[in-house]
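> Provide a 3D model corresponding to the input given below.
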Amino acid sequence: MNTIFNGRLTYPRDLGKDTENPKHLTITNYAPFPPYYRLYLQQNAYKPRDLLNATVAAFHRRNNRDLSSRQKGALTAFTTRFADRVDAYGRKPSKKTNNTSALAGDDVRYLARQLDKFFFFQQVTERVEIQAGFDVVGPDPLRIDRRVEGETFRRTERSRSFVQIAINVGARSDGRLYPLDVIVGQLMHEMVHAYLLLFACTCWRCERDSLNTVGVEDDGHGPIFLMLHRLILTEMRKWDASLKGLLAGDCPGTSISRGAVGRAVAAMRTLDEPKRRTLNPVRSHTFANYLVRFSAGGMGVLVNPSLVTRQLQKEGALRTKKETQKLREEWHVEAEEREGEYDDSDSSSSSSGGGGEYDSSASESTEDEEDEEEDEDDEEEEEEEDGDYDDSDSDGTEEPYL
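You can find the predicted model right below:
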């Protein structure tokens with residue numbers, strides 16, 4: 001798959017990008033139930049491998065009951081839209097159909113929102129603008145490929161900086177829309193780029209190690225990209241029978257993206273010697289101490305079972321903590337009600353002689369009650385949907401680690 005990636009975001013000053021020991025944040029206390037699934041990630045604040053581990057732990061090989069209600073809704077919405085619109089792609093639009101490019105753009109943005117909710121904690125699409133149409137992708141800045149079908153880059157317009165994804169939905173030369181699964185594969189590819197561009201650290205230490213993480217600037221197909229892209233693809237192939245062949249040409253079986261590997265190698269060759277000396281040499285990413293690593297041959301991805309196991313244990317502790325807190329709150333409410341019953345006679349006699357005091361706590365708690373009601377609705381949805389989830393690979397085999 002031909003794609004280009006360029007741009008860097010500004011590192012938050014309060015984390016000390018230019019200091020000798022820059023700080024990094026960690027993604028902690030995620031759980032697939034309220035309020036813990038509502039994360040807000042700070043831009044360019046996470047070590048790339050930490051970001052990879054936390055992201056994978058939130059979706060990899062989870063049963064349906066271990067997904068958040070937001071993830072379940074996104075999965076259903078994605079597969080429904082895909083099934084409804086797939087027949088409109090892979091051919092020339094009907095003459096009766098107006099604004100074909102605009103309709104395709106609507107589909108792309110809708111599907112992007114669902115991918116964001118399922119895989120990226122709903123943190124990408126609110127920070128990214130997506131352009132989809134015929135021949136909207138520019139030339140390859142590294143001049144590796146004659147034509148590229150997607151690009152992700154940093155853009156500044158009218159003093160506003162943002163990330164933009166551009167995706168070709170077809171070529172004007174023949175006026176034919178690409179098949180929808182091809183567009184979806186490109187979309188997912190670019191969203192992985194955008195996610196790393198937005199949140200992977202760009203401090204001097206992380207920049208120096210970029211060949212082992214996010215890859216060469218203006219390319220972005222480093223080891224972290226390749227592993228996250230492959231694991232997301234494996235998950236998407238389980239969603240529906242129509243997605244089992246997603247990106248089969250570029251990622252056959254359990255292979256990582258061959259096109260991305262080829263671009264990464266070519267991009268490293270474009271580095272001049274002074275630039276290369278500023279970067280750490282490429283390391284092996286097959287060592288067993290990595291929670292997410294390449295297989296021995298380098299073309300597959302393995303996940304240590306402890307990554308998901310420890311995440312589920314953490315979620316169990318958070319659930320217990322939440323339930324304990326809820327019981328305590330219920331006990332306090334009951335205690336206050338019992339105390340109120342004893343005070344009714346006294347309060348009624350005293351209030352007859354004059355005006356009562358204004359209870360400010362009632363108005364202050366309104367917003368908290370609304371948030372609690374929303375969380376309760378999410379919990380009810382999770383309890384209603386408790387089916388089995390097919391966690392087999394698309395080719396019927398399982399990863400050796402699992």
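> And the closest residue to Pro32 other than its chain neighbours, how far from Arg62?
Excluding its sequence neighbours, the residue lying closest to Pro32 (CB to CB, 6 or more residues apart in numbering) is Ser68, at 3.5 Å. Just so you know, the C-beta spots here come from the backbone N, C-alpha and C atoms, and that holds for glycine as well. In this view, Ser68 and Arg62 are 10 Å apart by CB to CB, to the nearest Å.
> which of the two has more neighbours?
Neighbour comparison, Ser68 and Arg62: the larger count goes to Ser68, with 25 against 19 (by other CB atoms under 10 Å).
> Quick check: the more buried one touching Tyr37?
Yes. Counting by CB atoms under 8 Å, Tyr37 is a contact partner of Ser68 at 4.5 Å.
> Do you have the strands of the stretch 1-150 of the chain handy? List them.
3-6, 128-134, 150-157 (DSSP state E, counting those that start in this stretch).
> how about the nearest residue to Gly175, chain neighbours excluded?
Nearest non-adjacent residue to Gly175 (CB to CB, 6+ apart): Lys92, at 5.3 Å.
> List the residues that contact that neighbour.
Counting by CB atoms under 8 Å, 6 or more residues apart in numbering, Lys92 touches Asp174, Gly175, Arg176, Leu177.
> Check Asp116 too.
Taking CB under 8 Å, 6+ apart, one finds Ala74, Gln122, Gln123, Val124, Thr125, Met191 in contact with Asp116.
> Could you identify the buried members of those?
Buried members of these, scored by 16 or more other CB atoms under 10 Å, are Ala74, Gln122, Gln123, Val124, Thr125, Met191.
> what's the distance between the residue nearest to Gln71 when sequence neighbours are not counted and Ala132?
Once flanking residues are discounted, Gln71 sits nearest to Phe118: 4.9 Å by CB to CB, 6+ apart. To Ala132, Phe118 is 20 Å away according to CB to CB.
> Repeat that for Asp84.
17 Å.
> Those two: who's more crowded?
Ala132 (26 against 10).
> Run through the chain and note the low-pLDDT ranges.
Scanning the chain for pLDDT under 70 picks out 1-20, 94-98, 330, 334-335, 338, 340-402.
> residue nearest the centroid of it?
Phe120 (1.4 Å; CA atoms, centre = their mean).
> which ones are touching the nearest residue to that residue once chain neighbours are set aside?
Closest residue in space to Phe120, ignoring its immediate chain neighbours: Tyr195 at 5.2 Å, by CB to CB, 6+ apart. Residues near Tyr195 by CB under 8 Å, 6+ apart: Thr55, Phe120, Gln123, Val124, Leu228.
> and His285, how many neighbours?
19.
> Confirm it sits in a helix?
No. Applying DSSP: H, G, I helix; E, B strand; the rest coil, one finds His285 to be coil, outside a helix.
> That one contacts Arg293, doesn't it?
Yes. His285 lies in contact with Arg293 (CB under 8 Å); the separation is 5.5 Å.
> tell me, what's touching these two both at once?
Met227.
> ok, and the closest non-adjacent residue to Ala77?
Gln114 (5.0 Å).
> The one you found: neighbouring residues, count only.
So Gln114, with other CB under 10 Å, has 21 neighbours.
> what about it, distance to Ser159?
Gln114 is 32 Å from Ser159, by CB to CB.
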